[in-house]
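# The following comprises the amino acid sequence and a computationally predicted model.
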Protein chains: 4
Amino acid sequence: MTDIGIIAVGGYNEMGRNMTAIRVGEDIIILDMGLRLDRVQIHEDVEINKMHSLELIEMGAIPDDTIMKEINGTVRAIVCTHGHLDHIGAIPKLAHRYAAPIISTPYTTSLIKQQIESEVKFGVKNKIVTLNAGGIYQVTEDISIEFIRAQHSIIDCVFAVIHTPDGAILYACDYKLDRMPTMGEQPDFDRLKSLGEEGVLAMITESTNSGVPGKTPSERIAHDLVRDVLLGTEESDVGMIVTTFASHIARINSIIKFAAEMGRTPVLIGRAMDNYVLTAKKLGYIELPDNIEVYGARKDVDKALKKIVNKGKDKYLPIVTGHQGEPGAILPRIANGETPYTIESGDKVIFSANVIPSPMTEGNRYSLETKLKMRGARLFTDVHVSGHACKEDHWELLRIINPEHVIPAHGTINMHSSYIEMAEDAGYVLGNTLHLLRNGEELYIEE
Amino acid sequence: MTDIGIIAVGGYNEMGRNMTAIRVGEDIIILDMGLRLDRVQIHEDVEINKMHSLELIEMGAIPDDTIMKEINGTVRAIVCTHGHLDHIGAIPKLAHRYAAPIISTPYTTSLIKQQIESEVKFGVKNKIVTLNAGGIYQVTEDISIEFIRAQHSIIDCVFAVIHTPDGAILYACDYKLDRMPTMGEQPDFDRLKSLGEEGVLAMITESTNSGVPGKTPSERIAHDLVRDVLLGTEESDVGMIVTTFASHIARINSIIKFAAEMGRTPVLIGRAMDNYVLTAKKLGYIELPDNIEVYGARKDVDKALKKIVNKGKDKYLPIVTGHQGEPGAILPRIANGETPYTIESGDKVIFSANVIPSPMTEGNRYSLETKLKMRGARLFTDVHVSGHACKEDHWELLRIINPEHVIPAHGTINMHSSYIEMAEDAGYVLGNTLHLLRNGEELYIEE
Amino acid sequence: MTDIGIIAVGGYNEMGRNMTAIRVGEDIIILDMGLRLDRVQIHEDVEINKMHSLELIEMGAIPDDTIMKEINGTVRAIVCTHGHLDHIGAIPKLAHRYAAPIISTPYTTSLIKQQIESEVKFGVKNKIVTLNAGGIYQVTEDISIEFIRAQHSIIDCVFAVIHTPDGAILYACDYKLDRMPTMGEQPDFDRLKSLGEEGVLAMITESTNSGVPGKTPSERIAHDLVRDVLLGTEESDVGMIVTTFASHIARINSIIKFAAEMGRTPVLIGRAMDNYVLTAKKLGYIELPDNIEVYGARKDVDKALKKIVNKGKDKYLPIVTGHQGEPGAILPRIANGETPYTIESGDKVIFSANVIPSPMTEGNRYSLETKLKMRGARLFTDVHVSGHACKEDHWELLRIINPEHVIPAHGTINMHSSYIEMAEDAGYVLGNTLHLLRNGEELYIEE
Amino acid sequence: MTDIGIIAVGGYNEMGRNMTAIRVGEDIIILDMGLRLDRVQIHEDVEINKMHSLELIEMGAIPDDTIMKEINGTVRAIVCTHGHLDHIGAIPKLAHRYAAPIISTPYTTSLIKQQIESEVKFGVKNKIVTLNAGGIYQVTEDISIEFIRAQHSIIDCVFAVIHTPDGAILYACDYKLDRMPTMGEQPDFDRLKSLGEEGVLAMITESTNSGVPGKTPSERIAHDLVRDVLLGTEESDVGMIVTTFASHIARINSIIKFAAEMGRTPVLIGRAMDNYVLTAKKLGYIELPDNIEVYGARKDVDKALKKIVNKGKDKYLPIVTGHQGEPGAILPRIANGETPYTIESGDKVIFSANVIPSPMTEGNRYSLETKLKMRGARLFTDVHVSGHACKEDHWELLRIINPEHVIPAHGTINMHSSYIEMAEDAGYVLGNTLHLLRNGEELYIEE
C-alpha cells in the first residue's frame, strides 16, 4: 500500500496560521494557508501586504512552510475550507511557491481572489478552482477531493475529504453542528454518516472549543438574542448601532431584517462590511432590501453618518465594523468623536461578537468600551454564539466518522489536550490512534 | 406629611435572607422573609425545621428581625413577592412574632403554607391572604398593596407597590423583563409605565445581576437551548436525564413537552419535583400530559428507576432533582450508584441550571460531575438562562419608574455598587436620591 | 464649633487622579492632585503637557476641581504625600488656580518641581514648601499640617495630619506598614499611637488593597526574591536585564547592590531611571557605587547597549524602564530589536514589578513578553511586593488611630466596599461613622 | 544493548496517585505508589484503610497497577522519593503484590511503616530498606539506585537515579531548587552536574508548576512571611493560631522558634502534628524546645485547649491541623465551637498553607473561613510558598541534567503541556526526545 504522511505545518502550536499537508505517496495536498493576526498585532505599523513571507514566518504570522522542502513529494492541490483569514490569509505569501490549483467553494474563492489582488509583494498565479459543497474534484488519478456541507460563522464552509487509495481523510476545520442555521442548510449529516460507514483512515479536526462543555448553541440563538435587544425595549427611539463580524453574512442578514421590523433603514458601514456583504450578494447568498445603504470608503462613511444624524438617529440602524476595537475601524472612530455621529446618553451599542481572547484585543476593546460609556452609551456585549464545535459536538462527529486515527489541529496544546481527553473517553489511545502533533512534525500512518 | 422609613432587615449585606420593612408613620409593611441557604450549608447535620429563630439569626441564616423592636410602629402586613426560599423561607421562624396577615399570589401562598406545615419548632397562625397579580389589598385606611405582574424563574412572581399617603413605593425583587416568556405573560409594562407617570416615591430593587452587561435572555432562549440538546443529536437512543430547579415550572413544562417530541415518557423524580409541580398543577398553572409519571418518595423513586432500566432508558426522560449536587438528591444518588439506574458510556446528563456561585455548591457539583464522568456520562452544563434582570434591564426599569429615591437590595455590597454606578449614569446621586443600606439600618425619607 | 467638610474631588470613583479637599470653616486644605494614566492611555497620540485642564477633566484624566467653585472657602495649602503621578501629576494643570503653597517632603518636592517645569500649557507659580517627615507647618492661625513617616513604594512618603480646632484629620494615602524596610525607617508607630490617643476626628485612607487578605509583605521580601533570581542560579553567565519602577528607589538600591555581589556593573537605562534615581542621589537618599553607569538620553542609551554587547552581556546588569510594556521605553525597544542589545536564548529578563491591572497595560505587557520569548528570553515576572496596605494592615491602622469617622479613598467603589466591610468588623457604622463618598460630594462632619 | 521501558502507571493523567515503573530488560524498578485524595474526598464515609485495592483503583484513588501483568519482567525494587501521601499512600494497598524491597530515606521509611501499620485490609510484608541521600543501593548485578539530596515541602526528599547498563535514569518528583532552605542543605547541585556530565538517558520529572513563570521562592521567604505576621504587629496580645501542613517539618520548626521570640509556649495540636513532628524528632531531624506541648488524641486536645483559655490565649501559640478545612481536624472544630477554645474578635488565624486547588477543598475552606470570620477572627491566608519547582527551575534542572529523553509526570495533561513548551524552548522535540505519556502506557526507549 501507499504510505501516508500528515504534516503539521501551522496551527498546531497556536490559534491561527492554519496549514496542514497530506502526503499520499509522493503526492501532497495542502489544506488551508492561514494568517495569525495576533502575531501581527503585537507590532506597530506593520503592512502585511508589503512584507516578505520569510519575515512573516519569523514573526510567527504565517505557517513556516520551509519544512515542506524536506517532504518527499509534489504539491498537487491547495484546498481552503472557508474564507476566514486564519485559513486563507497566507495564500498571497505562500501559494505561488507551489504549482498547484487552489480549490475552494464559491464564496471562499471570491475572498481568496481579493486577497491575491491586494498583495503587493508577490504575484500569485495559481489556477483557481471553484468546487461546490457536495462536489468532487479529481486531483490525480488516485486522489480526489470531496466537499461536504458544514456550518460555521461564515457562509459556504465545508468539510474536505481527501480520498486516497488507502482510505479517506477528513479535514474538519472549522465547523459547528448547527441544526437550525439561519442561512444555508444544516451540515450534511447523511454524507458524514455514509462516509463513516465507508471507513475513514484519519480525521484532522479543530480542537478550539473542545474544552467547552456541552454543545455550541445554534446561530438561531444568536438571531433571537440580537432581535430581543433591538426590538425588546421600551426605549426604541434612541440611537442604536450594531457591530459584528463583516464576514458573518448570516448574522448580518438577520440584523438587516430586524431593521425592517424596527422601521429603520439598515446601513452597512466600513470597508470590510462593503466587501464581504456585497461579495455575498453578487454570488447570490444574500438578498438585500431596496432601502439598504452601504458605505465602504472613508469619505462616504462620514457623509453617511452626518446624514443619519441630520435625519434622526432613530431612523437608521448602522451596522458597523470595529467590534474588537480595531484602531481605525468605524466604531472606534465614532467612540473617539472623529465622525459626525455623536453618541448621546441612552444610545445603544450592540456588540454581536465575542471578544477575541488576546490581551491586545482586550486592550483595544477596553479602550473602545470606556470611551463609549463616557459618552453615555448603553452597551450590549457578547450578543453572540460561537461558530466552533464544543465538546459534545466533537464527541458526536468523532463517533459518526469513527476514523482509525484522529489528529486535533487548529489550537494550542491545551486545546488539543481537551480534545485528547474527550477522544480517550471514546476509546482512542494517544500515540496509537490519537496523535498530538507539533508544528513542523510529520505523522506517518502505517497500517 | 407622614414620615417614611425603609428598614433593611436582611439581604442588604448578602444574597439570601431577604427582608425589608417599610414604615409609614407608625404602620409597618414587611416585604419578604427569606432564608440564606449558604449559611445553613456550611454546617453539617443542621435540621432547620427544628431550630429556634435566634439560633438561625446567629448563624446568619435568617434575617435579624430583633432590630424591629426599635422601630416605632406596628406591623400591618407581611408581603411575599414569590415563592423562592430566599423570600419565604424564614416565614415559619419569624412570622408568628407579628399579628399581621401574609399576603402573596396563589402559587406563592401554597408554598408558604407548605413551609408553615413542615415547621416543627414554631406554630405560625397568621392569616393567609391570596392576592392575584393586578390586584390591590387595602391594609389600613391609608395604605394599600398592589401586585403587578412580573417574570422570574418561578411562576406567579410580582412587583409589589405599597401605596402610602406620601406616594407609592415599588418593591422590585426579583424580576426579569422577559418579553417572550414561555409561561404566563410578559411583565405588565403598561401598569409600570402608568405607575411611573403617577410618580413613585421610592423603588427598592434587586441588584443581583446589575453588574452583568446587557439584558437577560428570555426564557425562550433556555427553552430553545434545552430543546436543541435533547432533540438535536444523532445519538438519540441513549439514556438522557435532565435536572433543573424543581420550582422552575416554566422550564419543566418545556422539558415535558420535549419528551413528547422525543417519543419518551416524562418522569418527574424527587420530592421537590413532586411538590412544586403538583402544586402548580393543582392551581391550574400547568397541564401535565396523561403519560407523565411523578415520584417523590424514596421507595417509589427507586422502583421507578428500576422500571426505566428494565423497559429501556431510551423510552423515558427522567427530570430529576440534584443539579447543585445536593447530597441525597436524585442525581447525586444516581452518580453514586445508589439507585438501580446505572449511567453508561454515552448517556447524556443535561443540567438546565447554573451553578449557584458558592464554594460549598461548587464542591458538591464537582463531586457530582466527576462521578458522572467516571461512569461515562456526557455532560451538558449551564443549559440555562438567569431569572434576574441584568444591567440594561435595570436601566430600563429605573427610567420607566423614575422614582425619587432608589435603594438596591438583594445582594452584596459589590452588587449594590454595580447598581449604584448604573443609577448614577441615569442621574441619581448617592446619599441624596440613591441609597446604600446595610442590614439593620433605617433610611428616613423626608421630603 | 467650626464646621468641617471633606470634599471628594477625585480618586473616589476610580484608581488615579487623587484629590481631596478638607474645609475647616472657610479655610480649605487640598490633599494631592493626581493624574489617571489609564484615561490617557486609551487615547493615541496624547501629549498631556500641551493639553488644557478642562480637556483633561473631560477625559477623566485629572480631578474635576471645577466643583471647588461651589465650596465656600479659600484654599490655604496644597499638600502632597508622595511623588507618584496619581498624587502629583495634576499639579501642573490645576495648582495655579489656587493662591496657596504646595507642601511636600524633599523628594516629593523635587518631583513636583520637575512636573511643573515640563508643563507647556500652564505656568504654575505657587510657593513650594518643603516639610520633612516629623515636621509641622502652620497654615493659618488655627490649622497646621503635620507629616508622619510612612513607607510606600517610593521614598519620603508620609501620612499627613491636618490639625484643626475641631480635631485632627489623618490622610493616609498611600502607605504600607513595613517593619523591615530596606530604605528609610519603619512608619512612625509611636506618633501614630500618640495621635490615636489624642483623638482623631476623621481618617481618610486608601482602600486599594483592602480586599486583599492578610498583610502586605515587607519590601525585604522583594529584596530577597530579586536577589535569589539574580544570584541563585547555575546559569550565571548569561545576559540578565532587570526592569522595575524608576521611582522605586529602595528596590533599585537593592538591585544595584546585587550587581556588586554578582561582579557585574550596574547600568541604569532610560530617561525615568536617570531622572528619579539621580534626584534621589542629589538629595542624599541613595549612594551610588563608583562603577555605576546611567543613561537617559536616547542616543546615549543605544551607545551604552552597544558597549554592553561588545564587552560581554555577562559583565553588566542593565536596570531599565519598560516593565509595563510602555511603547518607546527601553525594554520594549530591546524586545523589538530596535537597539544593539539582542536577546539570545537563555538570557534572563526579570520584571521586578506587577502588571498594572488595566487591559491596555496587559495588552502592552503581552506584546512585550511575546517578543522577548520569541527571542529566547527566560522571563521572571512579578518578582515584587506591593506598596499598598492589605486588609489586616488597614485593620491595624484603624485600631491604632481609632478615628471618629473613617472615609475610604483612592479606589473604586468595589475597593471601598472591601474597606467598609473591614471597618464594620471594627465597629464602624456606614452612614454614621463610616462614609462612602463619590467624586464631587462633600461630607459634612457635624458633632 | 538492553531495552528500556518507562511505564506510566499513575499520576500522568492527574495530580496524585503517582507511580512509574522502569523496565530494564526484564527487571523492573517501581517509583512511588501514591494516593489521590481528591478521589477519596468526593465520596462520603469512605474508610480507605478497610478498602480493597481494586475498589480504590476503580475510584481512581490509587494507581491502576493491573497493567503491570502485561509488562514482561519482575519487579526488583519499590523506591519512594519522599513521604507525601501522593507518593507513598498506595503502598499498603499495592506493595504486597510485588516480592521486592521498599527503598526510601529514613524519614520516608518511618512514614511508610506507619502507613503499613494502619492498614486493615492487607498485610504488607515487603522488606523495608533505608537509604540516605547520597547513598547507593545495588538492586541487581546491573542495576543500582542512587539517592541525591533534594528540597521539597517535606524533609528527607531525594532525587532517585536508576543506574542501568544503558545509562542513568533520573526520577525528579518532587523537588524545588531551594538555595536557602531553613532545614537541611540545598539540593546537591554538584552531584546533579556530575550526573549530567556523565550522561543521562532519561529524566522523569514533575510538571506540576511548570506553567508558573519564574522560580519558586525559597522556604526562607515563607519563614520570613510567617515571622512578620506573628511578630510584626501592634496587636500582640490577642489569640493567635497557626495552621500548616503537619508534614512540613521545616515550616513547623520555624513557627516553634517564633513562639519563643514571641514569649509564647508552642503547642502542637492534632493527630497528624503529633505523628509527623514526633517522628521527625525521634529521627533527629528536629529539636524541640523544652516548653513545647504536643497533643494528638482527641481528649488531650480538648483539655489542652481548655488550659490555654484558662491561662490566657496570649501565652500560647497553638500550631494546629485543619488548614484545608478538613472536617474533624482541629481548626474546623474550633471554628464550629466544638472545643473550649473560643475565637474572639481580633484573634488571628494564620494559614501557612495554600488552598489545594480542588473544588471539594475550596468548599471546606470557605466553610471554615466563614465560620472563623463570623466569630471575629482576623485571617492571614496563603502565608506560604510552594514546594514545587516553577518553570525556570525546570529549565535549569533540564539543562544541568541534559538527558537524552525527558518525560513530564506528576500532573494533568495541561501541566505536561506547559512542561513540553518549556522543553521545546530548550531544544527537545515532542515524540522524539520529549514524551507525553498517559496512564497505562509504556514508552520504549530504543537507541
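Here it is on my side, so go on.
# So for chain A, the centremost residue is which one?
residue A:84 (3.5 Å; Cα atoms, centre = their mean).
# Would you list the phi and psi of it?
Main-chain torsions, residue A:84, degrees, to the nearest 10: phi -70, psi 150.
# which ones are touching it?
By Cβ atoms under 8 Å, 6 or more residues apart in numbering or on different chains, the residues touching residue A:84 are A:34, A:153-154, A:174, A:247. Using the backbone N, CA and C atoms, a C-beta is placed for each residue, glycine as well.
# Give me the local confidence score for the nearest residue to residue A:83 once chain neighbours are set aside.
In this structure, residue A:83 finds its nearest non-sequential neighbour in residue A:111, 3.8 Å apart by Cβ to Cβ, 6 or more residues apart in numbering or on different chains. Looking at residue A:111, its pLDDT stands at 98.
# tell me the contacts of residue A:13?
Residue A:13 neighbours (Cβ under 8 Å, 6+ apart): A:412-413, A:438-439.
# How about stretch A:204-216 and chain D, any contact?
No - judged by Cβ under 8 Å from any Cβ of the partner chain, stretch A:204-216 and chain D are separated, with a smallest distance of 9.5 Å.
# thinking again about what came up before, which one among the contacts of residue A:13 gets closest to residue B:194?
Using Cβ to Cβ, residue A:412 is the member of the contacts of residue A:13 that lies nearest residue B:194, at 55.8 Å.
# ok, the closest residue to the closest one other than its chain neighbours - how many residues close by?
For residue A:412, ignoring the flanking residues on the chain, the nearest one in space by Cβ to Cβ, 6+ apart is residue A:14 at 6.0 Å. Number of residues near residue A:14 (other Cβ atoms under 10 Å in any protein chain shown) recorded here: 19.
# show me what contacts residue A:184?
Neighbouring residues of residue A:184 by Cβ under 8 Å, 6+ apart: A:149, A:151, A:155-156, A:250.
# That one and chain B, how far apart?
Distance of residue A:184 to chain B, given as Cβ to the nearest Cβ, to the nearest Å: 16 Å.
# Quick check: which helices or strands does the lowest-mean-pLDDT helix or strand in chain A pack against?
Lowest by mean pLDDT, DSSP states H and E among the helices and strands of chain A is helix A:37-41, with a mean of 91. If contacts are counted by 3 or more Cβ pairs under 8 Å, 6 or more residues apart in numbering or on different chains; DSSP states H and E, helix A:37-41 sits against helix A:359-374.
# In the stretch 101-250 of chain A, what residue lies closest to chain C?
residue A:243 (17.8 Å; Cβ to the nearest Cβ).
# Make sure that residue is indeed in a helix.
No - judged by DSSP: H, G, I helix; E, B strand; the rest coil, residue A:243 forms no part of a helix; its state is strand.
# so how many other residues sit close to it?
Neighbours of residue A:243 (other Cβ under 10 Å): 28.
# which one in chain A is furthest away from the centre?
Most distant from the centre of chain A: residue A:310, at 36.8 Å, with distances by Cα atoms, centre = their mean.
# what number of residues lie near residue A:437?
22.
# Next up, the contacts around it.
Residues near residue A:437 by Cβ under 8 Å, 6+ apart: A:6, A:8, A:12, A:407, A:409, A:443.
# SS state for the second one?
It refers to residue A:8. State at residue A:8, reduced to three classes by three-state DSSP: strand.
# Quick one: name the residues of the stretch 301-447 of chain A near chain C.
A:327, A:336, A:358-367, A:370-371, A:374.
# For residue A:269, grab phi and psi.
phi -130, psi 130.
# distance of it from chain C?
21 Å.
# What degree of burial does that residue show, as a neighbour count?
When neighbours are defined as other Cβ under 10 Å, residue A:269 has 30 of them.
# Which residues are in contact with the closest residue to it other than its chain neighbours?
Nearest residue to residue A:269, sequence neighbours excluded (Cβ to Cβ, 6+ apart): residue A:320, at 4.6 Å. Residue A:320 is in contact with A:241-243, A:269-270, A:273, A:329-331, A:334, counting by Cβ under 8 Å, 6+ apart.
# Can I get those in JSON lines including pLDDT?
Listed next are the contacts of residue A:320 as JSON lines, based on pLDDT from 0 to 100:
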{"residue": "A:241", "pLDDT": "98"}
{"residue": "A:242", "pLDDT": "98"}
{"residue": "A:243", "pLDDT": "98"}
{"residue": "A:269", "pLDDT": "98"}
{"residue": "A:270", "pLDDT": "97"}
{"residue": "A:273", "pLDDT": "96"}
{"residue": "A:329", "pLDDT": "97"}
{"residue": "A:330", "pLDDT": "98"}
{"residue": "A:331", "pLDDT": "98"}
{"residue": "A:334", "pLDDT": "98"}
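# Give me the local confidence score for the residue in the stretch 301-447 of chain A positioned nearest to chain B.
Residue nearest to chain B within the stretch 301-447 of chain A: residue A:380 (4.2 Å; Cβ to the nearest Cβ). For residue A:380, the model assigns a pLDDT of 98.
# ok, and the closest non-adjacent residue to the one residue in the stretch 1-150 of chain A that gets nearest to chain C?
The minimum distance from the stretch 1-150 of chain A to chain C, using Cβ to the nearest Cβ, falls at residue A:42 (4.0 Å). In this structure, residue A:42 finds its nearest non-sequential neighbour in residue C:367, 4.0 Å apart by Cβ to Cβ, 6+ apart.
# any idea whether residue A:236 is helix, strand or coil?
Assignment for residue A:236 (three-state DSSP): coil.
# Tell me how many other residues crowd it.
By other Cβ under 10 Å, the residues close to residue A:236 number 14.
# okay, now the closest residue to residue A:72 other than its chain neighbours: neighbour count?
Here the nearest residue to residue A:72 in space, its sequence neighbours aside, is residue A:26; by Cβ to Cβ, 6+ apart that works out to 6.3 Å. By the measure other Cβ under 10 Å, the count of residues near residue A:26 is 12.
# ditto for residue A:153
Neighbour count for residue A:153, taken as other Cβ under 10 Å: 25.
# Same check on residue A:285?
18.
# before we move on, back to that, what's across from the residue nearest to residue A:269 in the sheet?
On the basis of DSSP bridges, residue A:320 is bridged to residue A:243, residue A:269.
# looking at it, residue A:394 is touching residue A:211, isn't it?
No - judged on Cβ atoms under 8 Å, residue A:394 makes no contact with residue A:211 at a distance of 10.0 Å.
# higher neighbour count, those two?
residue A:394 (30 against 19).
# which residues touch that one?
By Cβ under 8 Å, 6+ apart, the neighbours of residue A:394 are A:205, A:207, A:210, A:419, A:422.
# so when I look at residue A:29, I'm seeing a helix, right?
No - according to three-state DSSP, residue A:29 belongs to no helix; its state is strand.
# Please name the bridge partners of it.
Counting by DSSP bridges, residue A:29 is bridged to residue A:22, residue A:77.
# Need the pLDDT of the residue in the stretch 251-400 of chain A that chain C sits nearest to.
Relative to chain C, the nearest point of the stretch 251-400 of chain A is residue A:363 (2.8 Å; Cβ to the nearest Cβ). Listed pLDDT for residue A:363 reads 94.
# Roughly how far does the closest residue to it other than its chain neighbours sit from residue A:272?
Once flanking residues are discounted, residue A:363 sits nearest to residue C:363: 2.8 Å by Cβ to Cβ, 6+ apart. Distance of residue C:363 to residue A:272, computed by Cβ to Cβ, to the nearest Å: 22 Å.
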